[in-house]
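Enquirer: Below is the structure, and that's it, no one-letter string:
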């Protein structure tokens, strides 16, 4: 019998609203065996991202929900410890989608080898990975910022928002960030170099945002929803573009939303201002991924793009860290070190 | 003194909600004199279009509102009766934007000569004019229907909706129309050749629409808003495109809309289905207008596109006809014959 020492975290039950520690179950399982064309992986780092909240619900979405009892899914950086594929050998570091567990079998075709000499391997989960690519593809393909335009993004200290603002500046646009609390705001302004930052906890957030956007807003990169939207909406210029990649502020919402109904007002503005609202998932633009990795690596090398990681130790701490992520308690790209 | 026989209709007061006959004022004025580079026009036909409701309000929009006391604006077909520009001579028939009046001075640069031998001149206000171009540019540039996809449009017996469905079919898509009452539905199905039509007065409109769209909806050309949207929304496929050119069902609305708030639900679907919602005004695509006129004239000549006009006699009947237009009482492109 195989020794049962694959520590993993399964979805214990579907949360109504905010997930709790009881939504997750820590369990021990056998280390998987592999067949031809597969490798056995020891997970080094697990990425925690807001989209995982969607997978915990049964609601129809762009991806199938995680089954109750199944291991939580997620992007991972892992070390190959056994290989039955000629493309990989023990010791290789790879990007995989192995989920919340310490060991996993993976098809070699689903892996991308990482070069630790080129960039810290954790960046494959953040600025050089899915969040950075979400920012890059959504901003450049849908947002299309032009020199002198104003780009607004919330969660600006996070991995998507920080990349959106920095890429906007590279393209000659003004970047205005929204973040929660003085520490995050300072990071956005001083380290990420945004032109202005607004604290969404400020009671006069809407007024502060208006002051930070004297020429209105041409691109609003929507990754949070909620009351940030209400502040942004009146400031949108004609022909503004709104890439929508996340709505973390409403992921935990349950039931109907109280009135008034804002939909007719939205549609009226869509019409009178020729607005573009476009939801997207980064994998729709996957053909751009090699160009993204090349360009983003260059920007990191020259210091044009900076990033911040928030690394939590131990898989057993992943549930609490994830719950905090949905409330904005992380400070930078949230990663669990196993 | 010039004889005062320019009959015209001015905006008497800004309506709250539905316009009434008292919103308009019929008045007599002098026939204008012209200067070099201008022509004097006798208006033959006046186009009545839903956008005029927007001009009657002071609310900020893509165009400045009509001032109270000013002549109502509108597209017109007119005869040149005096010319001080070498490009035009008396007897020429032109497209102008002269508004609700019988005579007007116009800059020659603002006119387009019409050839009555090529198409009935009234089509310059409908299928070969602004409404037809709205359908063409919005459907092809934003909607981008592909063969086999399903395109839904409301007000399908009207000049925009009928063109949308017929162009969709030319591009190989299925056209599903929504119209009010059996007579309009028959026109949409039998004359305009839509694949299916749904009566929006049917108590089970949503169910009928779902049955008419077994593969969901890929393009919803939004020109009405209101309860049609509610029936369309759950049927939208992933990557559906929603060009928004009008919201006639809510133009007369006043005050806040009662809850529940449908905005979070919309944004959730925008995200999970990668929807595109794009407001537009046809003049944004004006560079395509010559190609449109060429192509649409060809489609009319071959019978691939048919049209219907609803012609009302006498400028004094324009207010009542316009009020009816906002309630869907017209039957085809509404035009006033002067």
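Expert: Arrived safely, thanks for sending. These numbers come from a predicted model, not from an experiment.

Enquirer: Could you check the pLDDT of the residue nearest the centre of chain A?
Expert: Closest residue to the average C-alpha location of chain A: residue A:131 at 4.3 Å, with CA atoms, centre = their mean. Residue A:131 is assigned 96 on the pLDDT scale.

Enquirer: Relative to residue B:231, how far out is it?
Expert: According to CB to CB, to the nearest Å, residue A:131 and residue B:231 sit 37 Å apart. Just so you know, the C-beta spots here come from the backbone N, C-alpha and C atoms, and that holds for glycine as well.

Enquirer: Pick out the residue of chain A closest to chain B.
Expert: Nearest to chain B in chain A, going by CB to the nearest CB, is residue A:259, at a distance of 1.8 Å.

Enquirer: Need the nearest residue in space to that residue, chain neighbours excluded.
Expert: residue B:259 (1.8 Å; CB to CB, 6 or more residues apart in numbering or on different chains).

Enquirer: what kind of secondary structure is that neighbour in?
Expert: Following DSSP: H, G, I helix; E, B strand; the rest coil, residue B:259 is assigned to coil.

Enquirer: burial of it, as a residue count?
Expert: 13 (other CB atoms under 10 Å in any protein chain shown).

Enquirer: Same check on residue A:73?
Expert: By other CB under 10 Å, the residues close to residue A:73 number 16.

Enquirer: any idea what sits nearest it, other than its immediate chain neighbours?
Expert: residue A:99 (4.6 Å).

Enquirer: I'd like the distance from the one you found to residue A:48, if you could.
Expert: Residue A:99 sits 11 Å away from residue A:48, going by CB to CB.

Enquirer: sorry, back to before: assumed the residue nearest to the centre of chain A was part of a strand.
Expert: No: assignment of residue A:131 by three-state DSSP gives helix, placing it outside any strand.

Enquirer: Tell me the spacing between it and residue A:184.
Expert: 16 Å.

Enquirer: Kindly report the same for residue A:320.
Expert: From residue A:320 across to residue A:184, the span is 20 Å (CB to CB).

Enquirer: Name the residue in these two with the higher neighbour count.
Expert: A count of neighbours by other CB under 10 Å puts residue A:184 above the other of residue A:320 and residue A:184, at 26 against 14.

Enquirer: Chain B contacts on the stretch 151-300 of chain A?
Expert: Residues of the stretch 151-300 of chain A found near chain B (CB under 8 Å from any CB of the partner chain) are A:222, A:225, A:229, A:238, A:244-247, A:250, A:253, A:256-281, A:284.

Enquirer: Now, those residues that are in strands?
Expert: Assigned to strands by DSSP state E, the following of these qualify: A:238, A:244, A:276, A:277, A:278, A:279.

Enquirer: Contact partners for the fifth one?
Expert: Spelled out, that is residue A:278. A:142, A:241, A:242, A:243, A:244, B:270, B:274, B:275, B:276, B:277, B:278 (CB atoms under 8 Å, 6 or more residues apart in numbering or on different chains).

Enquirer: Can you read off the pLDDT for it?
Expert: Confidence score, pLDDT, at residue A:278: 98.

Enquirer: Give me the contacts around stretch A:91-101.
Expert: Contacts of stretch A:91-101 (CB under 8 Å, 6+ apart): A:6-9, A:29, A:39, A:41, A:43-44, A:46, A:71-80, A:83, A:88, A:104, A:106, A:110-114, A:116, A:121, A:124-125, A:129, A:315, A:318.
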